[in-house]
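A.B. asks: Okay, predicted coordinates and the sequence, questions at the end:
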Amino acid sequence: MIKATFYKTIDDRYKGFSVSGHAGYAKAGKDIICASVSALVINTVNSIENLTSNKTEVECDEGGMIKFKFADESDEKGQLLVDALCFGLTEISNEHGHNYLKVYFKEV
């Protein structure tokens, strides 16, 4: 199962997110949930880094884990892009079942 956790402040601003695991929906190379999640996450990180002036910190490993955080206060563009990621992952989870992808929120 893929676990996506979004870290938010008490005033409902994203500070970052982490995504880890494998969906197990299908065999490697045919898993549409893993592919969808990967595409959304990678696009979000690349978009924030290339289309905004937000400073970020990113960690990832070959096992499918990625940790992203805003190094400073983020602007509205950064917030919107992470919100779009959250929306996309939540829709995938709702459509394909929570056995493959769960979305969590943690206050920081």
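C.D. replies: Perfect, thanks for sending it. Numbering: from 1, shown residues only.
A.B. asks: residues contacting Asp31?
C.D. replies: By C-beta atoms under 8 Å, 6 or more residues apart in numbering, the residues touching Asp31 are His22, Ala23, Gly24, Tyr25. C-betas here are computed from N, CA, C, even on glycine.
A.B. asks: How many residues are close by the closest residue to Ala71 other than its chain neighbours?
C.D. replies: Nearest non-adjacent residue to Ala71, counting by C-beta to C-beta, 6 or more residues apart in numbering: Lys55, 4.0 Å away. Lys55 has 14 neighbouring residues, counting by other C-beta atoms under 10 Å.
A.B. asks: and Lys55, what is it in contact with?
C.D. replies: Applying C-beta under 8 Å, 6+ apart, the residues contacting Lys55 are Phe70, Ala71, Asp72.
A.B. asks: State the distance from the residue nearest to Tyr100 when sequence neighbours are not counted to Val37.
C.D. replies: Leaving out its chain neighbours, the residue that sits closest to Tyr100 by C-beta to C-beta, 6+ apart is Ala23, at 4.2 Å. As judged by C-beta to C-beta, to the nearest Å, Ala23 and Val37 stand 7 Å apart.
A.B. asks: neighbour count winner among those two?
C.D. replies: Between Ala23 and Val37, counted using other C-beta under 10 Å, Val37 has the larger neighbour count: 25 against 21.
A.B. asks: can you give me the helices for the protein?
C.D. replies: For the chain, the helices defined by DSSP state H occupy 32-51, 76-96.
A.B. asks: can you redo these as JSON lines with mean pLDDT and distance to Gly63?
C.D. replies: As requested, these are exported to JSON lines (pLDDT from 0 to 100; distance: least, C-beta to C-beta, whole Å):
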{"stretch": "helix 32-51", "mean pLDDT": "97", "distance to Gly63": "12"}
{"stretch": "helix 76-96", "mean pLDDT": "97", "distance to Gly63": "19"}
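A.B. asks: Next, format those helices as CSV and append distance to Ile66.
C.D. replies: Below are the helices of the chain laid out as CSV (distance: least, C-beta to C-beta, whole Å):
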stretch, distance to Ile66
helix 32-51, 6
helix 76-96, 11
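A.B. asks: and Tyr7, which of the ones you listed is closest to it?
C.D. replies: helix 76-96 (9.8 Å; C-beta to C-beta).
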